[in-house]
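Asker: The sequence isn't on hand, but the structure is:
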Ligand SMILES: [Zn+2]
Ligand SMILES: [Zn+2]
């Protein structure tokens with residue numbers, strides 16, 4: 001174990017919206033350490049604390065980090081979801097994916113955050129002379145496209161092989177984030193070419209929907225005593241409707257081989273393979289891959305805005321009424337009809 005001083009002689013200020021783990025990792029780099037190396041040098045930090053550092057660290061952890069950096073506890077807390085986006089915890093936070101324990105036949109729900117990044121934001125950091133950093137907003141389960149660039153968030157390194165974790169680190173020389181597993185940089189995916197017009201339109205629709213959903217999730221916390229009560233009610237109602245639809249779309253159909261989303265996926269954002277196992281969680285958005293989340297949110301956007309001017313997000317031609325179709329999919333007596 002390294003013997004570090006009680007207080008770091010040099011520590012940075014966080015960037016706007018920066019996640020605590022990212023900020024601490026940048027400070028650690030000055031001492032040629034990674035996040036775990038820095039924090040485990042101090043008593044009280046185990047791997048579980050590090051994997052959830054950006055969610056809701058306890059007061060003792062915040063105090064330790066305050067002593068370490070010389071920054072006030074409230075400012076450190078602002079770099080966590082609990083301090084900055086409390087409404088996202090726990091159901092609208094991207095936790096590590098639910099998994100199926102085959103031998104015990106039960107669902108596993110790891111208590112670790114799942115990391116998503118926007119490669120374009122990272123490239124922008126690099127271009128503008130900042131160190132690349134993780135944004136807290138990338139932990140929102142209602143967001144699958146970057147709200148600044150409308151590009152898909154990614155949860156794997158640029159080799160598309162390793163799932164990202166808070167252990168992904170800042171490089172020692174270029175100030176770029178890299179995959180702790182295979183050492184490739186995280187800003188390398190995407191080729192920078194322009195997006196086809198049809199895809200750009202789909203992204204625009206989905207992005208608009210995600211923005212509205214994010215605002216609706218946060219509204220109760222941003223405006224505890226709103227003058228516009230109607231707006232607040234509408235936002236809460238909107239969130240409930242979305243949650244109910246996501247729940248219904250993730251139910252297994254009576255055949256047991258598909259979930260309802262498999263019959264209602266949009267052409268632009270289909271469900272990737274492997275979402276058919278019989279395991280379950282009450283809130284799939286926070287417990288599945290960014291690709292499945294995107295498919296779910298796109299379908300809900302399509303269902304709630306069928307009359308939009310340009311029908312961009314759409315399912316196959318069999319679906320004249322998506323709500324009716326969803327109901328029939330989940331009703332055992334209609335199984336024969338759906339199978340034909
Ligand atoms: Zn971005
Ligand atoms: Zn990797």
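Answerer: Alright, I've got the coordinates. Since we're looking at a predicted model, the values are computed, not measured. Ligands and ions are numbered 1, 2, ... in the order given.

Asker: For ligand 2, tell me whether stretch 111-120 is touching it.
Answerer: No. Stretch 111-120 is not in contact with ligand 2 by Cβ under 5 Å from the ion; minimum separation 12.0 Å. (Glycine included, C-beta is placed from N, CA and C.)

Asker: distance between that stretch and the chain's centre?
Answerer: Relative to the chain's own centre, stretch 111-120 is displaced by 6 Å; criterion: Cα atoms, centre = their mean, to the nearest Å.

Asker: Same question for it: list its buried residues.
Answerer: Across stretch 111-120, burial judged by 16 or more other Cβ atoms under 10 Å covers 112-120.

Asker: Quick check, residue 218 in contact with residue 85.
Answerer: Yes. Residue 218 is in contact with residue 85 according to Cβ atoms under 8 Å; the separation is 6.7 Å.

Asker: elements contacting the helix of greatest length in the chain?
Answerer: For the chain, the longest helix by residue count, based on DSSP state H, is helix 197-222. Here helix 197-222 touches helix 229-249, helix 290-304, going by 3 or more Cβ pairs under 8 Å, 6 or more residues apart in numbering; DSSP states H and E.

Asker: before we move on, back to that, max pairwise distance over the buried residues of stretch 111-120: which two?
Answerer: Farthest apart among those by Cβ to Cβ are 112 and 120. That separation is 25.7 Å.

Asker: re earlier: need the helices and strands packed on helix 197-222 in JSON lines (columns: mean pLDDT, distance to residue 13 and mean neighbour count).
Answerer: Conversion of the helices and strands packed on helix 197-222 to JSON lines gives the following (pLDDT from 0 to 100; distance: least, Cβ to Cβ, whole Å; neighbours: other Cβ atoms under 10 Å):
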{"stretch": "helix 229-249", "mean pLDDT": "81", "distance to residue 13": "33", "mean neighbour count": "16"}
{"stretch": "helix 290-304", "mean pLDDT": "93", "distance to residue 13": "30", "mean neighbour count": "24"}
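
Asker: May I see these organised as TSV, with distance to residue 209 added?
Answerer: Below are those laid out as TSV (distance: least, Cβ to Cβ, whole Å):
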stretch	distance to residue 209
helix 229-249	9
helix 290-304	4
